[in-house]
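Participant: please find the sequence and the predicted model below.
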Amino acid sequence: MHIEKIEYGPEKEGLWSQIAFALIIILALIATAITGMIFWKILSSDAQISSTRQFMEDVGKLFAYLLFDLAAIIYLYVKGLLQDEYVTTLE
């Protein structure tokens with residue numbers, strides 16, 4: 001039987017955590033705007049326009065920007081705000 005004990009490291013403090021928090025808020029607002037642009041573009045486009053290659057490329061670029069933005073949010077959360085954890089195994 002393995003019992004794992006998780007000990008939390010020191011709480012993230014200082015300038016880097018404050019910058020990470022501010023950037024996460026800004027990037028979340030940008031992600032909201034990009035998602036709105038995707039929905040608006042898909043819902044407001046005519047059927048003939050939405051079947052073109054250019055339309056699909058534009059929506060694909062917006063999805064790529066959204067994916068990059070969400071990855072940046074996750075990275076900043078893990079590196080800037082999430083506490084370090086130490087896992088020990090007891091046997």
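Facilitator: Done, it's in. Everything numeric here is computed off the predicted structure, so don't read it as measured data.
Participant: drop to CA atoms for contacts and neighbour counts, all remaining ones
Facilitator: Will do.
Participant: neighbours of A22, how many?
Facilitator: Using other CA atoms under 10 Å, A22 is surrounded by 12 other residues.
Participant: what helix or strand is it located in?
Facilitator: Element membership of A22, judged by DSSP states H and E, is helix 15-44.
Participant: next SSE downstream of that helix?
Facilitator: Using DSSP H and E, the first helix or strand after helix 15-44 is helix 47-50.
Participant: A64 versus the most centrally placed residue in the chain, what's the distance?
Facilitator: Nearest to the mean C-alpha position of the chain, by CA atoms, centre = their mean, lies L70 at 2.1 Å. For L70, the distance to A64 equals 10 Å [CA to CA, to the nearest Å].
Participant: try Q54
Facilitator: Separation of Q54 from A64 (CA to CA): 15 Å.
Participant: same thing with M37?
Facilitator: 13 Å.
Participant: need the contact list for the spatially closest residue to A31 that is not a sequence neighbour.
Facilitator: Of all residues not flanking A31 in the chain, L66 sits nearest, at 5.9 Å (CA to CA, 6 or more residues apart in numbering). Contacts of L66 were listed using CA atoms under 8 Å, 6 or more residues apart in numbering, and they are A31, I34, T35.
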